[in-house]
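Visitor: can't give you the sequence, but here's the structure:
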């Protein structure tokens, strides 16, 4: 789930970075059905449906579409958040077992 959230956030920031084509144009929104977006969504479905080896291969391809630093920092945030949620769940279970 965390990986899916990280990929969605990465796609959103990639789309935001392409909103303006010229400095004098303010928030020129390109259509959502561009080929690049379709390819990205296809890659996202591929990640969710394939085995672990193919997921690693596809993640390398997705990382080249966005900047590598952004991709890695978003993954780090997602994994940190998932660890935080798991720790909170564990503490709640401990509190319930103590009562």
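Guide: In hand now; what should we look at? Predicted model only: the values in this text are computed from it and were never measured.

Visitor: the bottom helix or strand of the chain by mean pLDDT?
Guide: The helix or strand of the chain with the lowest confidence, counting by mean pLDDT, DSSP states H and E, is helix 52-65 at a mean of 55.

Visitor: pLDDT wise, what is the nearest residue to residue 9 once chain neighbours are set aside at?
Guide: Setting aside the residues directly before and after it, residue 9 is nearest to residue 74 in space (CB to CB, 6 or more residues apart in numbering), at 5.3 Å. From N, CA and C alone the C-beta is placed, and that goes for glycine too. What the model reports for residue 74 is a pLDDT of 74.

Visitor: Which helix or which strand is home to residue 74?
Guide: In this structure, residue 74 is located in helix 68-98 according to DSSP states H and E.

Visitor: which secondary structure elements does that helix contact?
Guide: Packed against helix 68-98, as judged by 3 or more CB pairs under 8 Å, 6 or more residues apart in numbering; DSSP states H and E, are the following elements: helix 2-17, helix 52-65.

Visitor: Kindly state the pLDDT recorded for the nearest residue to residue 77 once chain neighbours are set aside?
Guide: Closest residue to residue 77 apart from its sequence neighbours, by CB to CB, 6+ apart: residue 6 at 7.2 Å. Here the pLDDT value assigned to residue 6 is 78.
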